[in-house]
Structures are given as C-alpha cells and as structure tokens.
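Peer 1: show me the folded form of this:
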Amino acid sequence: MFLIYTFLLLSLIICETVHEDSLSEKSELSMPDVRNLIGEIKSNYLADKSQIDDNYNLKISQLKIERKEELKQLKKDYKRKIRQIRKKYPQIPEIFLDSEVIPKKKQPKQKYSN
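Peer 2: Next comes the predicted model:
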C-alpha cells in the first residue's frame, strides 16, 4: 500500500515539473523574434538534411551503376577465359557463369499419422 502511495506522489511531482517546464517554454516562445529565430534554424536544418539525403541518394545510384558495369566486365573476362580453356580442351561442356541455384526439395507431407 505504501508503494502505491509513493508511486502516485512521485508521478504527481513529475507531472507538475513537466507542466511547469512546458509553461516556461511557451512563455519564451511567445516572443516573436525568438519564434522567428527558431523557425529559421528549423528550416535551415531541414534544408541541410534534405541536401545530405539527396547527395547520398545520388551516390547510391552512381554506385549501383558502377557495380552493374563492373559485373558486366567481370562476366566478359571470365567468359573469355572459359572460351580459351574450351579451345584447348574441346571435350569440356559449355559452362554458364550465372547458373541458377537449384531449390531444395521439400519432404512430402505424411498422409496418415501414426
């Protein structure tokens, strides 16, 4: 019982301090020059943040394009190497570099349970 009263008392004290802090913030923001300054800071922050996001999106798209080109070149190089080996050894079957992965077989469900 004592714990419940203590908890209620602490929650009321915390609510009062939060309420007083919010009132002091509102009184500070009622001054128009402070509100304008804070609004300007927020707008500058949002502009800088969007610029950073745009730069990273541009870098990501460029990296994707570079990766695609590097993979194309890598595939060409390895195909050329395979062709050279097949010229020396014609009995080797054709080899595909990007072969698909064979999916694992699922066990059939039991029709009758014991």
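Peer 1: all contacts plus neighbour counts: C-alpha atoms, from now on.
Peer 2: OK.
Peer 1: measure stretch 90-109 end to end?
Peer 2: From its first residue to its last, stretch 90-109 covers 46 Å (Cα to Cα, to the nearest Å).
Peer 1: what residues does that stretch touch?
Peer 2: 75, 79, 82, 86 (Cα atoms under 8 Å, 6 or more residues apart in numbering).
Peer 1: let's see 10 Å
Peer 2: With contact meaning Cα atoms under 10 Å, 6 or more residues apart in numbering, stretch 90-109 is reached by 75, 78, 79, 82, 83, 84, 85, 86.
Peer 1: only the buried subset of those residues, as a PyMOL command please.
Peer 2: Provided next is the PyMOL selection string for whichever of the contacts of stretch 90-109 are buried by 16 or more other Cα atoms under 10 Å:
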select buried, resi 82
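Peer 1: with distance to residue 111 added, can I get the contacts of stretch 90-109 in JSON lines?
Peer 2: Shown next, in JSON lines, are these (distance: Cα to Cα, whole Å):
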{"residue": "75", "distance to residue 111": "47"}
{"residue": "78", "distance to residue 111": "49"}
{"residue": "79", "distance to residue 111": "48"}
{"residue": "82", "distance to residue 111": "49"}
{"residue": "83", "distance to residue 111": "51"}
{"residue": "84", "distance to residue 111": "53"}
{"residue": "85", "distance to residue 111": "51"}
{"residue": "86", "distance to residue 111": "50"}
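Peer 1: show me what the helix or strand where residue 65 lies is packed against.
Peer 2: Here residue 65 sits within helix 32-88, counting by DSSP states H and E. Secondary-structure packing of helix 32-88 (3 or more Cα pairs under 10 Å, 6 or more residues apart in numbering; DSSP states H and E): helix 2-29.
Peer 1: now do the helix it packs on, average pLDDT.
Peer 2: Computed over helix 2-29, the mean pLDDT rounds to 61.
Peer 1: circling back to that earlier point, how far does the helix holding residue 65 sit from its chain's centre?
Peer 2: Centroid separation for helix 32-88 versus its chain: 13 Å, with Cα atoms, centre = their mean, to the nearest Å.
Peer 1: I appreciate the help and will end here.
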